[in-house]
Structure formats: structure tokens, C-alpha cells
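Engineer: pasting the sequence and the predicted coordinates here, then a few questions.
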Amino acid sequence: MKIKYDPQADILYLELKDTTVTTKRISPDLAIDYDAQGAIAGIELIGAKNNILAEDKLSFELDNVFSRRQQKALA
């Protein structure tokens, strides 16, 4: 997994797989990239400072984004 952050655009990208993707916009600030098999390949978060950084601590919560199989694989 790669974590990329663009401070000028304030965009955080979690790359789980380097592959061709199809993107689904979940909200104005969140997009999920899927590979050809439908597995999550990446997560893009716009406005990362406001969405996940609070008091210099990183907190990130995604409910119902990962399938149970993907949750187990990431644990």
C-alpha cells in the first residue's frame, strides 16, 4: 500500500493496488477506485486536513466501504 498526499491540493490517496481503475464518487470529498474484479484499488480523500486530521492526530473511519473479505485482508 502507498499513501500519497498533495499538500497544495490537500488530497490524500491510499493506493492499495497499482492497476487500471474505475472510480466511484461516494461523496464530494471521497472517491473509491475499483479494479476490474471489483476490489478496492484506491481511496481518494479531498480536503484531508479537515476530514481526517484533528489536533495533529490522524483519524480515519470508513463505514461499509470494505467488504468483509477486504477488511480481513487489511487487518
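Structural biologist: Nice, I can see it.

Engineer: which stretches of this structure form helices?
Structural biologist: The residue ranges that make up the helices of the chain, judged by DSSP state H, are 48-52, 68-74.

Engineer: show me the beta-bridge partners of the residue lying closest to Val21 once chain neighbours are set aside.
Structural biologist: Closest residue to Val21 in three dimensions, ignoring its sequence neighbours and counting by C-beta to C-beta, 6 or more residues apart in numbering: Asp33, at 3.7 Å. Any C-beta I mention is one placed from the backbone N, CA and C, and that applies to glycine too. Going by DSSP bridges, Asp33 is paired in beta bridges with Thr23, Gly42.

Engineer: pretty sure Asp33 sits against Ala41.
Structural biologist: Yes. When contacts are counted by C-beta atoms under 8 Å, Asp33 is listed as touching Ala41 (4.7 Å).

Engineer: overlap of the contact sets of those two?
Structural biologist: When contacts are counted by C-beta atoms under 8 Å, 6 or more residues apart in numbering, Asp33 and Ala41 are jointly contacted by Val21.

Engineer: and the strands in this structure, which stretches?
Structural biologist: In chain order, the chain shows strands spanning 2-6, 11-15, 22-27, 30-34, 40-46, 53-54, 57-58, with DSSP state E as the criterion.

Engineer: residue contacts, the residue nearest to Val21?
Structural biologist: Applying C-beta under 8 Å, 6+ apart, one finds that Asp33 lies in contact with 21-24, 40-44.

Engineer: quick one, which of those are buried?
Structural biologist: Neighbour counting over the contacts of Asp33 (16 or more other C-beta atoms under 10 Å) leaves 21, 40-44 as the buried ones.

Engineer: how about a markdown table for the residues you listed, with distance to Asp6 and pLDDT added?
Structural biologist: Listed next are the buried ones among the contacts of Asp33 as a markdown table, based on distance: C-beta to C-beta, whole Å; pLDDT from 0 to 100:
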| residue | distance to Asp6 | pLDDT |
| --- | --- | --- |
| Val21 | 18 | 96 |
| Ile40 | 20 | 93 |
| Ala41 | 18 | 95 |
| Gly42 | 14 | 95 |
| Ile43 | 14 | 94 |
| Glu44 | 10 | 94 |
